[in-house]
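In: sequence plus the predicted model coming up.
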Amino acid sequence: MSQTAERVDVATEAARRRTFAVISHPDAGKSTLTEALALHTHAIAEAGHVNGKAGRRRTVSDWMDMEQARGISITSASLQLDYRDTVLNLLDTPGHADFSEDTYRVLAAVDAAVMLVDAAKGLEPQTMKLFAVCKHRGIPIITVINKWDRPGRDALALMDEIAERTGLTPTPLTWPVGIAGDFRGVLDRRTGEYVRFTATAGGAHIAPEERLDPATAAAREGDAWDVAAEESDLLHVSGADHDDATFLAGISTPLLFASAVRNFGVHALLEVLVDLAPAPDARPDVDGDPREITEPFSAFVFKMQAGMDTAHRDRLAFVRVCSGVFERGSVVTIARTGRPFATKYAQQAFGRERTVVDLAYPGDVVGLVNATDLRVGDTLHDGRRVEFPPLPTFAPEHFAVARAVDPSRYKQFRRGIAQLDAEGVVQILRSDLRGEQAPVFAAVGPMQFEVAQHRMATEFNAPIRLEQLGYSTALRTERAWVPAIDAQLGAEVLERTDGQLLALFADRWRLQTFRRNNPEVVLTPLVAA
Ligand code: GDP
């Protein structure tokens with residue numbers, strides 16, 4: 001292929017990709033929505049066929065289950081769907097017990113996020129945490145109010161809550177006809193039409209949608225239509241109409257109403273992703289210089305995972321392609337070490353069938369096997385050297401002291417800790433008081449401790465004991481104002497490897513008390529460093 005032909009090809013392929021993640025709180029319906037998106041893009045033929053206890057319909061709890069149930073290939077990292085002429089890369093944000101650094105880091109690999117909100121619960125804590133990361137990174141957000149088929153809050157009240165708590169201006173693209181619990185359809189605010197939904201048995205199939213003009217809608221739905229039309233006008237008057245520029249700048253958020261379980265409103269989301277969400281674009285390197293998508297191959301590792309074959313301690317690196325074409329079998333360079341990396345074993349295309357990835361384009365995710373030389377945050381490239389900025393660190397909420405089970409293996413212990421620290425598996429905190437032999441592990445999710453413990457034992461031959469510390473909050477501070485571990489205060493100051501001092505508090509109540517009593521001490525939240 002000539003250079004020019006390849007460049008044109010890359011630009012075209014990149015332009016038809018949308019790489020995004022769903023940010024939500026557990027139980028808001030992320031798995032159900034994922035399944036609905038797969039159904040609407042014909043990646044699966046039927047939703048919800050996995051039966052749980054007593055034959056009741058059960059949502060597929062995770063993508064691995066879904067893969068087994070459907071025989072489609074989904075990895076724990078990404079699902080690729082085709083819609084119209086667009087390739088949608090949906091990256092997973094692990095949510096329940098497996099909420100961790102990885103969940104946040106996925107957001108470094110997406111170009112847009114879908115914020116899924118339960119109509120009855122509004123914005124929940126995990127959603128807010130993930131939202132904060134999106135906001136920090138300037139990621140455009142599409143908001144979906146889910147479970148409108150169930151009694152919930154008032155639509156305008158939900159909009160107010162979103163505006164107040166996120167600072168985003170919600171710009172509804174659809175407006176519900178019928179209150180929460182009486183979901184008849186939506187008013188398409190761009191055309192003024194009524195999109196009427198028809199339920200299918202158990203929500204297993206794509207729900208038929210009928211487009212009706214306003215007069216027919218009014219005749220059919222009476223008050224429910226009139227209220228929707230009035231509220232929509234009110235929104236228009238108050239300036240809540242979609243605007244591309246503010247959406248892409250992360251200032252406004254298009255809003256949709258849906259019922260993932262009934263497959264209502266899923267088409268609209270797909271259309272919005274294709275029509276409004278941004279395609280991959282040049283990514284700034286560590287010096288702020290953009291790597292254009294048409295330049296030679298570059299990608300960065302956003303997630304590492306132990307391979308399926310645990311006996312071989314294989315490790316899988318998930319990379320997001322940023323520029324150029326990924327070709328299986330090519331040898332690329334690891335920017336950190338300058339060493340070559342053979343992509344011979346590049347794995348999995350996601351989507352309909354389990355195949356090996358031969359080609360991937362900007363926005364795509366590739367799983368590289370045999371990735372023991374790679375770390376989270378690493379840049380891989382071909383041609384002109386490039387190194388992307390390191391992935392951010394996040395506010396830890398779990399803390400534990402690590403000690404070598406066998407003190408004579410201290411050298412291995414130190415080496416292992418340094419490695420886990422460099423990879424960002426856990427953050428490592430120290431203080432003179434606790435000493436070198438008792439570093440503190442800090443993590444977003446407790447599962448990271450298990451990963452660290454396992455790797456210390458198997459990989460570094462230095463088994464560790466972990467002793468949980470009763471802190472739940474860490475803030476940046478400028479000096480060590482707590483001279484010692486202060487049990488009564490429920491606070492402690494430790495130094496992170498990057499030199500940042502962190503103040504740890506047992507709970508918010510203790511933090512508030514401390515703030516009140518020590519107004520001169522500056523404590524700043526850790527969103528993303
Ligand atoms: P996740 O934890 O965010 O992945 O949530 P799930 O997709 O597992 O859904 C949690 C529960 O909410 C399940 O029982 C779903 O059947 C239910 N659910 C999801 N979406 C909807 C919806 O639109 N309407 C209703 N009524 N229930 C839903």
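Out: Arrived safely, thanks for sending. Everything quoted here is computed from the prediction, not taken from an experiment. Numbering: from 1, shown residues only.
In: mean confidence score for stretch 247-262?
Out: On average, the pLDDT along stretch 247-262 is 96.
In: can you list the buried residues in that stretch?
Out: 247-248, 250, 252-262 (16 or more other C-beta atoms under 10 Å). Just so you know, the C-beta spots here come from the backbone N, C-alpha and C atoms, and that holds for glycine as well.
In: so which of the residues you listed would count as near the ligand as well?
Out: Subset of those in contact with the ligand: 259-261, counting by C-beta under 6 Å from any ligand atom.
In: name the nearest residue to the closest residue to the ligand within the stretch 301-450 of the chain, ignoring sequence neighbours.
Out: Closest contact between the stretch 301-450 of the chain and the ligand, by C-beta to the nearest ligand atom, is at residue 445 (15.1 Å). With sequence-adjacent residues excluded and distances taken as C-beta to C-beta, 6 or more residues apart in numbering, residue 445 is closest to residue 100, at 3.6 Å.
In: measure that neighbour to residue 446 for me?
Out: Distance of residue 100 to residue 446, computed by C-beta to C-beta, to the nearest Å: 8 Å.
In: more neighbours, these two?
Out: Using other C-beta atoms under 10 Å as the criterion, residue 100 and residue 446 rank with residue 100 on top: 21 against 15.
In: and the chain, which of its residues are near the ligand?
Out: Counting by C-beta under 6 Å from any ligand atom, the chain comes close to the ligand at 24, 26-32, 59, 95, 146-147, 149-150, 259-261.
In: buried ones only from these, please, as a ChimeraX command.
Out: Buried residues within the residues of the chain next to the ligand, by 16+ other C-beta under 10 Å, are selected in ChimeraX with:
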select :24,28,29,30,31,32,59,95,146,147,149,259,260,261
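In: next step: the residues of the chain next to the ligand restricted to strands.
Out: Among the residues of the chain next to the ligand, DSSP state E puts residue 146 in strands.
In: among the residues of the chain next to the ligand, which are in helices?
Out: Judged by DSSP state H, helices contain the following of the residues of the chain next to the ligand: 30-32.
In: so this protein: which segments form each domain?
Out: Listed domain ranges for the chain are 18-77+93-275, 283-381, 398-525 (source: automatic domain parsing).
In: worst mean pLDDT among the ones you listed?
Out: When the domains of the chain are ranked by mean pLDDT, domain 283-381 comes last with a mean of 82.
In: and the end-to-end length of that one?
Out: 13 Å (C-alpha to C-alpha, to the nearest Å).
In: residues contacting the residue most central in space within the chain?
Out: The chain has residue 93 as the residue nearest its centroid, 4.0 Å off, counting by C-alpha atoms, centre = their mean. Applying C-beta atoms under 8 Å, 6 or more residues apart in numbering to residue 93 gives the contacts 21-24, 30, 103, 106-107, 130.
In: can I get the domains of the chain in CSV with distance to residue 11?
Out: What follows is these, written out as CSV (distance: least, C-beta to C-beta, whole Å):
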stretch, distance to residue 11
domain 18-77+93-275, 15
domain 283-381, 6
domain 398-525, 33
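In: picking up where we left off before, give me the neighbour count for the residue of the stretch 301-450 of the chain closest to the ligand.
Out: Neighbour count of residue 445, defined by other C-beta under 10 Å: 22.
In: could you measure from it over to residue 99?
Out: Taking C-beta to C-beta, one finds residue 445 at 5 Å from residue 99.
In: ditto for residue 175
Out: Residue 175 is 32 Å from residue 99, by C-beta to C-beta.
In: now swap in residue 359 and tell me
Out: Separation of residue 359 from residue 99 (C-beta to C-beta): 33 Å.
In: how about residue 491?
Out: 25 Å.
In: of residue 359 and residue 99, who's got more company?
Out: residue 99 (22 against 15).
In: these two touch, right, the more buried one and residue 126?
Out: Yes - here residue 99 reaches residue 126: they are 6.7 Å apart, a contact under C-beta atoms under 8 Å.
In: from memory residue 462 sits against residue 407, does it?
Out: No - contact criterion C-beta under 8 Å: residue 462 and residue 407 do not qualify, at 10.2 Å.
In: higher neighbour count, the two?
Out: Comparing residue 462 with residue 407 by other C-beta under 10 Å, the one with more neighbours is residue 462, at 21 against 9.
In: just to be sure, the more buried one is in a helix?
Out: No - counting by DSSP: H, G, I helix; E, B strand; the rest coil, residue 462 is not part of a helix but coil.
In: which residues does it contact?
Out: 404-406, 409, 412-413, 415-416, 456.
In: quick one: contacts of the helix or strand residue 299 falls within?
Out: Residue 299 is part of strand 298-306, with elements assigned from DSSP states H and E. The contact list for strand 298-306, computed with C-beta under 8 Å, 6+ apart, reads 76-77, 102, 105-106, 108-109, 283, 291, 313-324, 326, 366, 371, 374-382, 386, 388, 391, 423.
In: so for that strand, what gets flagged as buried?
Out: By neighbour count on 16+ other C-beta under 10 Å, the buried set for strand 298-306 is 298-305.
In: now, which of these sits nearest residue 167?
Out: Minimum distance to residue 167 across the buried residues of strand 298-306 is 26.2 Å, recorded for residue 302 (C-beta to C-beta).
In: correct me, but residue 80 touches residue 364?
Out: Yes - using C-beta under 8 Å, residue 80 is in contact with residue 364, at 7.4 Å.
In: got any residues that touch both of these two?
Out: Both residue 80 and residue 364 are contacted by 87, 89, under the criterion C-beta under 8 Å, 6+ apart.
In: residue 199 in helix, strand or coil?
Out: Per three-state DSSP, residue 199 ends up coil.
In: ok, the nearest residue to it once chain neighbours are set aside - contacts?
Out: Leaving aside its sequence neighbours, residue 199 sits nearest to residue 262 (C-beta to C-beta, 6+ apart; 5.7 Å). Contacts for residue 262 (C-beta under 8 Å, 6+ apart) come out as 149, 183, 197, 199-200, 203, 207.
In: nearest to the ligand among those residues?
Out: Nearest to the ligand, judged by C-beta to the nearest ligand atom, of the contacts of residue 262 is residue 149 at 4.9 Å.
In: just checking, that closest one touches residue 181?
Out: Yes - using C-beta under 8 Å, residue 149 is in contact with residue 181, at 7.0 Å.
In: mind putting the ones next to the ligand among the buried residues of stretch 247-262 in CSV, distance to residue 10 included?
Out: CSV is the format used below for these (distance: C-beta to C-beta, whole Å):
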residue, distance to residue 10
259, 39
260, 34
261, 39
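In: circling back to that earlier point, among the contacts of strand 298-306, which ones are buried?
Out: Buried members of those, scored by 16+ other C-beta under 10 Å, are 76-77, 102, 105-106, 108-109, 283, 291, 314-324, 326, 366, 371, 374-382, 386, 388, 391, 423.
In: picking up where we left off before, any of the contacts of residue 262 buried? List them.
Out: The neighbour count (16+ other C-beta under 10 Å) marks 149, 183, 197, 203, 207 as buried among the contacts of residue 262.
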